[in-house]
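Student: Below are the sequence and a predicted model for it; my questions follow.
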Amino acid sequence: MTPGATGTDMRVRVGGLDLANPVMPASGTFAEGLDRVVDLSRLGAIVTKTITRELREGNALPRVAEVRGGMLNAIGIPSKGVAHFLGTTLPLYRAWGVPLVVSISAPTAEGFASLAAEIGVAGVAAIEANISCPNIEEDGRAFAMRAGSTEAVVRRLRAATHLPLWVKLSPNTGEIAEVAQAAEAAGADALVVANTMLAMSIDLATFRPSLGNVMGGLSGPALKPIVLRQVYQCARAVRVAVIGCGGIASAADAAEYMLAGAAAVQVGTATFLDPHAMTGVIDGLDSFCAAHRIARVAELTGALRPAGGSHPATPAPRPADAPQPPAPESPTPESLTPESLTPESLTPEFPAPEFPAMKPPALEPNPA
Ligand SMILES: Cc1cc2nc3c(=O)[nH]c(=O)nc-3n(C[C@H](O)[C@H](O)[C@H](O)COP(=O)(O)O)c2cc1C
């Protein structure tokens, strides 16, 4: 058993892997160097930045822009190529002793398949196929936009590797449940829901797009309610594990995703604001489970109750005739009552980092 500080069993089984806990980085938001500030051995898994076969330069500058509730990026998957990954990055990452999930991308199904075969080496625990990157193809189109193209690429991938195959979906589709089912039917072991949402912003000082690529991917808190809904839809449509990813910055966010059906979560943009965001989510989930008398974090997955009721979840057992103590300033697990156990009373214990760009910017008065 892998107990958290409060004794919660934090283990989860996700897409063919046994993880010590359900928290891992989102691809592209984690890099070596983070190990100088964060104890990476505490993570459930490590997911690499997406790699491609060839060297790639990436998109025109600027590649990132802050927006209210998150950020835009149009990095364009700059990559040092597979040879550099196998020779330099992999030995480094292997040393952290955490299951390593390698994210890959290619412009064609054939390219995906040959890259998957090539990276199936010792030390790689699973492949995450990024079939959803909105920047790579014209107008942001990606395999994950439609069920047919998803099924075709995942079938090729499945035939090319024996490693657990995770498939990262796109939020930019109107048929996320059908795409999820197509990926599952073609052999995916888990689905990561989701990548960034195609978006843009305009710099009012220059009247130009904020990003050199004009459009980019929205990430951060603004994404959460949308992707949470998609996780809910996917988890109801498939039997394989769903990994939630979109705007997770706190244990409360992660708990919502797990209740909606996610077996694990990925933390992305939040790490840029607080390098300890992932370990904060692990510790917070542990405390959240303790507060709800939940022995195993995996019990959260899909534990969403039907809409409509107002009764709080999992009231602490109390003898009916016991005198009620005065409500403390900040509830502890022992002092929680059905009345005190509301989302509002729990959330302050699992705070999210401040997103400065969440405040509406003041518009400069027009001098003319
Ligand atoms: C700067 C940046 C780079 C990213 N690079 C990748 C990538 O290489 N591959 C990928 O699958 N997703 C990439 N993503 C998307 C994230 O993995 C994640 O799906 C998305 O940001 C939503 O999660 P978040 O709101 O927690 O950031 C990137 C996101 C950001 C912000």
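Tutor: On my side now, so go ahead.
Student: Please tell me the pLDDT value assigned to the residue in the chain positioned nearest to the ligand.
Tutor: Going by C-beta to the nearest ligand atom, the ligand is nearest to residue 28 of the chain, at 1.9 Å. For every residue, glycine as well, the C-beta is placed using N, CA and C. Looking at residue 28, its pLDDT is 94.
Student: ok, for it, nearest residue in space, not its chain neighbours?
Tutor: Leaving aside its chain neighbours, residue 28 sits nearest to residue 49 (4.9 Å; criterion: C-beta to C-beta, 6 or more residues apart in numbering).
Student: Now do the helices in the chain.
Tutor: Applying DSSP state H to the chain gives helices spanning 82-84, 90-94, 109-118, 147-160, 176-185, 224-237, 251-260, 270-273, 277-291, 343-346.
Student: Please identify the deepest-packed of those helices.
Tutor: Scoring the helices of the chain by mean neighbour count under mean count of other C-beta atoms under 10 Å gives helix 251-260 as the most buried, with a mean of 25.
Student: Output the contacting helices and strands for that one.
Tutor: With contacts defined as 3 or more C-beta pairs under 8 Å, 6 or more residues apart in numbering; DSSP states H and E, the packing partners of helix 251-260 are helix 224-237, strand 241-245, strand 264-267, helix 277-291.
Student: Give the partner strands of the second one in its sheet and their orientations.
Tutor: The one in question is strand 241-245. Strand 241-245 has its sheet partners listed here by DSSP bridges as strand 190-193 (parallel), strand 264-267 (parallel).
Student: Can you see whether the first one contacts the ligand, counting any residue in it?
Tutor: What it means is strand 190-193. No: Strand 190-193 stays clear of the ligand (C-beta under 6 Å from any ligand atom), getting no nearer than 7.4 Å.
Student: Going forward, count from 15.
Tutor: Sure, I'll start counting at 15 from here, so that last one is strand 204-207.
Student: Next, the residues that contact that strand from outside, please.
Tutor: 28-30, 142, 178-183, 185, 190, 194, 197-198, 241, 244-245, 248, 252, 254-260, 276-277, 280 (C-beta atoms under 8 Å, 6 or more residues apart in numbering).
Student: for the last one, same thing?
Tutor: Strand 278-281 is contacted from outside by 26, 28, 33, 36-41, 43, 58-59, 61, 206, 255, 257-259, 262-263, 267-268, 271-272, 291-292, 295, using C-beta under 8 Å, 6+ apart.
Student: Please state the mean pLDDT value computed over that strand.
Tutor: Mean pLDDT, computed over strand 278-281, is 98.
Student: again with stretch 193-201
Tutor: 98.
Student: Please save the CA atoms from it in CSV.
Tutor: The C-alpha coordinates for stretch 193-201 follow below in CSV (Å, rounded to 0.1, in the frame of the first residue of the first chain):
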residue,chain,number,x,y,z
VAL,A,193,-13.9,9.9,-30.5
ALA,A,194,-13.2,8.2,-27.2
GLN,A,195,-15.1,5.1,-28.2
ALA,A,196,-13.2,5.0,-31.5
ALA,A,197,-9.9,5.1,-29.6
GLU,A,198,-11.0,2.4,-27.2
ALA,A,199,-12.2,0.2,-30.1
ALA,A,200,-8.9,0.6,-31.8
GLY,A,201,-6.9,-0.6,-28.8
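Student: how far does it sit from the chain's center?
Tutor: In terms of C-alpha atoms, centre = their mean, to the nearest Å, the centre of stretch 193-201 is found 19 Å from the chain centre.
Student: before we move on, what about stretch 280-296?
Tutor: 10 Å.
Student: Dump it to CSV, keeping only the CA atoms.
Tutor: The C-alpha coordinates for stretch 280-296 follow below in CSV (Å, rounded to 0.1, in the frame of the first residue of the first chain):
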residue,chain,number,x,y,z
GLN,A,280,-2.5,15.6,-15.2
VAL,A,281,-1.4,19.0,-14.0
GLY,A,282,-0.1,21.5,-16.6
THR,A,283,-0.2,25.3,-16.5
ALA,A,284,-0.5,25.4,-12.7
THR,A,285,3.1,24.2,-12.5
PHE,A,286,4.3,27.3,-14.2
LEU,A,287,2.8,29.4,-11.4
ASP,A,288,3.7,27.1,-8.6
PRO,A,289,6.3,24.3,-9.2
HIS,A,290,4.9,22.5,-6.2
ALA,A,291,1.4,22.4,-7.7
MET,A,292,1.6,18.6,-8.4
THR,A,293,2.8,17.6,-4.9
GLY,A,294,0.2,20.0,-3.5
VAL,A,295,-2.5,18.1,-5.4
ILE,A,296,-1.2,14.7,-4.1
